[in-house]
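Colleague: Provide a 3D model corresponding to the input given below.
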Amino acid sequence: MQLLKKISPKSLAISMLLGMIFITVLSLFALPKLTTQYSLKQFLPKDNPLLMLDEKSRQTFQLSEVQPFIITAKIAEKSDGNWFQQERIAELEKLTTLISNYPGVRNTLSLANIQGAINNQQGLSVGPLLKNLKPNEWANETLTNPLIAPTLISADGKTASIITNINRLTNKELLSLRQNLQVTATAALPFADVQMGGTPAVQTDISLLLQTELRNFVVLGFIACFVVLALIFSNFSPLISSFIIILCANILVLAVMALCELPFSILSTTIPILTTIDVVSLCIHTLLRYAEEKKASPFESHEFLVRKTLRAIIRPNLIASTTTMIGFLSLLTTNVPLIREYGVTAAISIVVGWITTTVLLYPLLLFLPGPRAREWAWAKARWGLYLFRRSGLWTMGIIIVSLALALKGGNLSWSAKLFDDLPQNHQVRLSTETIDRELGGMIPVDIEIDGKQDAWNDPKLIERLDSLSASIRNLPGVGSVVSLPDLVAAASLNNSRLPASRSSTAEVFFLYSLASDSPLKNFLNADSSKTRISVRTQDLPGDQLHSLVEQVRGMTEEVFPEMSVQTTGMGSTIHHLNNELSKELIFGFWQSMVAIIVVLVFVFKSLRWSLVACIPNLVPPAALLGFLAISQTPIKPSVAIIFSIALGLAFNNTVYLLERLRAMQKSRNSRTLDIEKMIWLEGNPCLISTMTLLAGFSVFMASYFAMNRIFGFYMVLSMLTGLVGDLILLPTMLKSCPWLLRPLAWKKEKVMATAASVLFALVMIFNPSPLMAQSLTPEKVGQEMSSRISAKDETFVAQLKIIEADGSDKEREMKIWRMSTGKKDHSLLVRMMKPADLKGTALLATMKNEQEDKWIYLPSNKQVRRLTGENSKGGILGSELSAEDFDFNRDSSAKTTIKKEMEIKGSKYIVMESDVTASSPNYSKIVSYVSAKEFLPIKAECYDKQGKLLKTIDFGGYKKLNGGKFRASSIKIRNVQNKRGTDIALSDIKINQNLKASLFSPKSLADD
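Modeller: The predicted structure is shown next:
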């Protein structure tokens, strides 16, 4: 400590500067270890049941996991004819043979070497098919053979392909082979337009493009940010400081990625931009704060102002970086390695950026001339005065528009194509489109048909399968179909296309068994009980492809009702998995929100301040949902991640604004909120910081990849709407409703509002559409429960007994009216009866099209007030029953499985387990017990986030009402961790009374 006191500020600054430069120089040696990586399966989750089913199917039919290169050669427009010319087939044969001898190539297949059997008067000719045919027979024999066309030759005979099967190779080996194949094929076929396609070609080409894109992003990001800095500051020291910090931060981030073996993917190419704009944002806030301090204290020394500035800004900078980091860390909840790696990498970049900025700003500010902001940049944000004049109008307008956009967001498009992210007019995109359009399609779908042992030796079944395959070929969107009958027909020894007896079939199978690499193994398993239909489809939109796969499956089940049918392959899984992942990522927004709330509670030491901070940050996701729906942008994981990322970035301005407001409140030791001064002081810095984000993210719109261009556009949109939320909604809302951050003057009102609002959740035990059924039971059991519980309307009296750990208790009593006119249209009216001081308090809650509104009636002042921003995590009236337990706005994405059936005291129960980790703020899973006889919920066990039992909920005393409906008359909740409990008794239950809609209106609340 004594040593630190002896170190002068300048010596400390020099040490910090030299230390950071030394670490940065050392980091340069790690950069050569950086790699790029691209794969079509990068967005697929690990250990998914659908993928495991795919793997099992591949093992059954011995399908290779390594995808082939596909060389496409289209006869040039200036050349005449097609591929059915002897000299062209000769050139194709030479090329096919040459390529087969390349290192890493297992074998090759083309029109020139495809094997076939010709049965004629001279006998059975086996070998290269075209060599056993006359040239004038080539077209007819190949174009009608499903084993050849359209996979190896297009319908018009002008496009041929060479399928190059390869061994498992490294990225470097793949790139070398791909280049050799391209050069060789182009030179060998000068009369054709040669392109490289197939998954390996996509992988290698995109990896090269990623390297180019990374360099472009770095250059464009620097330019964009420095343009913004030049517009803000009138001298060069801010630009020099920012350049040094940006350079060091990016080198350090890249070094960490290299050392941690985190490769550059199609997502992580955005990391340099994220690092740059994050650093520039921190620098701008700091440098503008210095300009403010300089203006306020013009006679203070430069060193004093630097220290004062850094002390004032270090906390907001840290909080802003933390909220941004949380947005990225929320991606760790997914089961997709690529997205988890991206979340980790981005979080690392934010942390490294903050550390680098914090360490380097002190010496750079100290030794360089103080930053001089242009007049418009440090001037008071007087534009805020205009907003304050009509603050209520602005607040209401933004909220209404946001709600409208959020509601519109229910119509998102799930019609993404698999290869629409590939760069337009790039060679690999053109090749992919050629294969998709002319050579049988790009998307594999396998139909597996499982029967008894030796079932597929039956010629009648083979004939039915042949007819089914022909029907599938005629479906729109299907490129090619190959099945067992095609192989049998190709090797048939009889005059008929298919064998007529089991013995003939056995002969064909025997012939194939003689081959060294029989294709039969890919279509028939060892005991002849399973066969496979190989379908390749065009790259259809996701919803259309799903419909096509279901149609093919339905046709197969109709033809073979006695057998088991399942679909595998990329076409049946990838869009489904991507859609599930996208929904999970969009819902991850709420996980980020909860995490940020927790952080802000500690920062502001107030739950209300942290909740208020969330309100303006609901505008960006609402706008994103609305614009995605309006533009019908296909939802992909790369789009869905924007929600969590944008939330973390959007909170930056909120933090700076509320931190300034909090600091002013503390300095005056007053409860008064000086909203005008807050926006005057922080309005322009926040506006400028957002300009930097906009400049940085706009760079993505120059990307080769549609994925990154869409990412950039919607990030810009989210930043603009976040600016609206922070600089318009937040200050005008606080101006109109200062009570949001001030202590409520009347505590009784607060108690009644909280009590009545949470009571709304209690009745959801009887709601016919609640997600209770969806989250606690599988669909079938849920339907059975609904048939016994659902009712159009009902009334009942509920008595609440709250039991403390020491045995003491307190009671509440209320009357409840409920009406449901549709699955998304619910109304609830709750009126307190006991205790006396709450008597007459009433709550009205309605939900229409997933939009929930609440009003409360306060009998003491005869006022009806609208309720907003309720928190559903707390217990009802201090009980152990949380609003989440029965809230009909609860998320329905919980994965529920039936674990077992068990018997307790002579009664049988169905035991279900629901994984609610991603959807619940309180629970990780819920185990529920449903009566197997009555299909009524009997018990629920709720586990906390650590996987420990938190509480149990028991339903008892079911009574049968008119119409065969049931209602529990008692509910008991026990918290096993804090030993508290709650008993609920329900009485005077009446259902289907034809309650009038007028009862559920704000006006009716005041009617005692």
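
Colleague: C-alpha from now on. contacts and neighbour counts both.
Modeller: Will do.

Colleague: are we agreed that residue 395 is in a strand?
Modeller: No. Under the criterion used here (DSSP: H, G, I helix; E, B strand; the rest coil), residue 395 is helix, not part of a strand.

Colleague: what packs against the helix or strand where residue 927 lies?
Modeller: Assigned by DSSP states H and E, residue 927 falls within strand 923-931. Applying 3 or more Cα pairs under 8 Å, 6 or more residues apart in numbering; DSSP states H and E, we find strand 923-931 packed against helix 771-776, strand 907-915, strand 937-944.

Colleague: which residues touch it?
Modeller: Outside strand 923-931, the residues within contact range by Cα atoms under 8 Å, 6 or more residues apart in numbering are 776-777, 907-918, 936-947.

Colleague: in stretch 497-506, what's buried?
Modeller: Across stretch 497-506, burial judged by 16 or more other Cα atoms under 10 Å covers 498-499, 504-506.

Colleague: is residue 147 in a helix, a strand, or coil?
Modeller: coil.

Colleague: so how far is residue 488 from it?
Modeller: Using Cα to Cα, to the nearest Å, residue 147 is found at 11 Å from residue 488.

Colleague: and those two? which has more neighbours close in?
Modeller: residue 488 (23 against 19; other Cα atoms under 10 Å).

Colleague: who does the host helix or strand of that one touch, helix- and strand-wise?
Modeller: Taking DSSP H and E as the criterion, residue 488 maps to helix 484-490. Secondary-structure packing of helix 484-490 (3+ Cα pairs under 8 Å, 6+ apart): helix 459-473, helix 502-513, strand 530-537.

Colleague: tally of neighbours for residue 423?
Modeller: Number of residues near residue 423 (other Cα under 10 Å) recorded here: 18.

Colleague: and if you look at the one 10 residues further on?
Modeller: Neighbourhood size, residue 433 [other Cα under 10 Å]: 19.

Colleague: okay, and it sits in which element?
Modeller: Here residue 433 sits within helix 427-438, counting by DSSP H and E.

Colleague: could you give the angle of that helix to strand 530-537?
Modeller: If you take axes from the mean of the first three to the mean of the last three Cα atoms, to 10 degrees, helix 427-438 sits at 110 degrees to strand 530-537.

Colleague: would you point out the helix or strand in the protein whose mean pLDDT is lowest?
Modeller: Least confident helix or strand, the chain: helix 771-776 with a mean of 35, by mean pLDDT, DSSP states H and E.

Colleague: helix or strand right after it?
Modeller: As assigned by DSSP H and E, the chain's next helix or strand after helix 771-776 is helix 779-789.

Colleague: and that following helix, what does it pack onto?
Modeller: Using 3+ Cα pairs under 8 Å, 6+ apart: helix 779-789 touches helix 771-776, strand 966-967.

Colleague: report the contact partners of residue 194.
Modeller: Residue 194 sits next to 71-74, 182, 185-186 when contact means Cα under 8 Å, 6+ apart.

Colleague: same question for residue 629.
Modeller: 408-413.

Colleague: and it, what element?
Modeller: Element membership for residue 629, per DSSP H and E: helix 619-631.

Colleague: would you indicate which residues of that helix are buried?
Modeller: Buried residues in helix 619-631, counted by 16+ other Cα under 10 Å: 619-629.

Colleague: got it, and stretch 812-831?
Modeller: For stretch 812-831, a neighbour-count test (16+ other Cα under 10 Å) marks 812-820, 825-831 as buried.

Colleague: just those residues now: which is nearest residue 53?
Modeller: residue 825 (39.8 Å; Cα to Cα).

Colleague: quick check: nearest residue in space to the closest one, chain neighbours excluded?
Modeller: Excluding the flanking residues, the one nearest residue 825 by Cα to Cα, 6 or more residues apart in numbering is residue 848, at 4.5 Å.

Colleague: could you check the pLDDT of that neighbour?
Modeller: Residue 848 is assigned a pLDDT of 74 by the prediction.

Colleague: what do you get for residue 244?
Modeller: Predicted confidence (pLDDT) for residue 244: 91.

Colleague: tell me how far it lies from residue 703.
Modeller: For residue 244, the distance to residue 703 (Cα to Cα) stands at 26 Å.

Colleague: repeat that for residue 246.
Modeller: 21 Å.

Colleague: more neighbours, the two?
Modeller: residue 246 (24 against 21).

Colleague: residue 541 and residue 635: what is the separation?
Modeller: Taking Cα to Cα as the measure, residue 541 falls 11 Å from residue 635.

Colleague: overlap of the contact sets of those two?
Modeller: The contact sets of residue 541 and residue 635 overlap at 414-416 (Cα under 8 Å, 6+ apart).

Colleague: just to be sure, residue 70 is in a strand?
Modeller: Yes. Judged by three-state DSSP, residue 70 forms part of a strand.

Colleague: that one is in contact with residue 202, isn't it?
Modeller: No. Counting by Cα atoms under 8 Å, residue 70 does not reach residue 202; the two are 10.5 Å apart.

Colleague: which one's more surrounded, those two?
Modeller: Higher neighbour count among residue 70 and residue 202: residue 70, with 25 against 22, using other Cα under 10 Å.

Colleague: for that one, which residues are in contact?
Modeller: 161-164, 196-198.

Colleague: what does residue 430 give?
Modeller: Residues near residue 430 by Cα under 8 Å, 6+ apart: 195, 424.

Colleague: state the distance from it to residue 417.
Modeller: From residue 430 across to residue 417, the span is 15 Å (Cα to Cα).

Colleague: what helices and strands are in contact with the strand or helix carrying residue 365?
Modeller: Assigned by DSSP H and E, residue 365 falls within helix 337-367. Applying 3+ Cα pairs under 8 Å, 6+ apart, one finds that helix 337-367 contacts helix 9-28, helix 237-259, helix 271-296, helix 302-329.

Colleague: give me whichever of the ones you listed is most buried.
Modeller: Stretch with highest mean neighbour count among those: helix 271-296 (a mean of 23; mean count of other Cα atoms under 10 Å).
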